[in-house]
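Asks: Here is my input; please provide its structure:
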Amino acid sequence: MLNELRIMLPSAQLLTAFLITLPFNSGFAKVLQSEKWVFIATFLCSLISLVMFSAPAVQHRLLRPLHDRARFKQFASRELLVGSIALAFALILATELVLAEVFGHRLGIVVAGFVGGLIGLLWWALPTFLRGRQLF
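Replies: Just a heads-up that it's a prediction; the model follows:
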């Protein structure tokens, strides 16, 4: 679980840090209102993922000593999955936000849909398939 978290947490931190700076750039005022709503959704999903990824560490510190380590690990794993879902939405929305600004709204939606499909395939469908086949 810690190795997984070492990959996911910096991704959420970097995306959130980038998103925090956007509204303070002078060009942000020129962004369409609809894209500002996409930005808000992206920012909230990114924040949720960051909170969910950091929650097990804080909880572990506050609950020490753990009386039921297996139950805590199961609970923390669920938090990481919820954080992964929020991060997936943040990545999809960030893709739409960036590409819509650079190439237009239509291409942004198409590529965001592709990224969503790729995440769905590699993060969710493939592991489910492999677990069903007991390949790993």
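
Asks: Quickly note the distance from Val115 to Ala94.
Replies: With distances taken as C-beta to C-beta, to the nearest Å, Val115 is found 9 Å from Ala94. Just so you know, the C-beta spots here come from the backbone N, C-alpha and C atoms, and that holds for glycine as well.

Asks: Comparing these two, which residue is more hemmed in?
Replies: With other C-beta atoms under 10 Å as the criterion, Val115 and Ala94 differ in neighbour count, and Ala94 comes out ahead with 22 against 18.

Asks: Contacts only, for Glu56.
Replies: Let me fix one detail, which is that residue 56 is Pro and not Glu. Contacts here follow C-beta atoms under 8 Å, 6 or more residues apart in numbering; on that basis Pro56 touches Met1, Leu5, Ala76, Glu79, Leu80.

Asks: secondary structure element for it?
Replies: Under DSSP states H and E, the secondary-structure element containing Pro56 is helix 33-63.

Asks: per-residue confidence at the spatially most central residue of the chain?
Replies: With distances taken as C-alpha atoms, centre = their mean, Leu87 lies nearest the centre of the chain, 0.6 Å away. At Leu87, the model reports a pLDDT of 97.

Asks: Nearest residue to it in space, please, no chain neighbours.
Replies: Ser49 (3.9 Å; C-beta to C-beta, 6 or more residues apart in numbering).

Asks: what packs against the longest helix anywhere in the chain?
Replies: Among the segments of the chain that qualify as a helix by DSSP state H, the longest is helix 69-103. If you count contacts as 3 or more C-beta pairs under 8 Å, 6 or more residues apart in numbering; DSSP states H and E, helix 69-103 packs onto helix 2-21, helix 33-63, helix 105-119.

Asks: Please save the CA atoms from the last one in PDB.
Replies: Output in PDB follows, covering the C-alpha atoms of helix 105-119 (Å, rounded to 0.1, in the frame of the first residue of the first chain):
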ATOM      1  CA  HIS A 105     -13.600  22.800 -26.800                       C
ATOM      2  CA  ARG A 106     -14.400  19.900 -29.300                       C
ATOM      3  CA  LEU A 107     -10.900  18.500 -29.400                       C
ATOM      4  CA  GLY A 108     -10.600  18.900 -25.600                       C
ATOM      5  CA  ILE A 109     -13.700  16.700 -25.100                       C
ATOM      6  CA  VAL A 110     -12.500  14.100 -27.600                       C
ATOM      7  CA  VAL A 111      -9.000  13.700 -26.000                       C
ATOM      8  CA  ALA A 112     -10.500  13.900 -22.500                       C
ATOM      9  CA  GLY A 113     -12.800  11.000 -23.500                       C
ATOM     10  CA  PHE A 114      -9.800   9.100 -24.800                       C
ATOM     11  CA  VAL A 115      -7.900   9.700 -21.500                       C
ATOM     12  CA  GLY A 116     -10.900   8.600 -19.600                       C
ATOM     13  CA  GLY A 117     -11.200   5.400 -21.600                       C
ATOM     14  CA  LEU A 118      -7.500   4.700 -21.100                       C
ATOM     15  CA  ILE A 119      -7.700   5.200 -17.400                       C
END
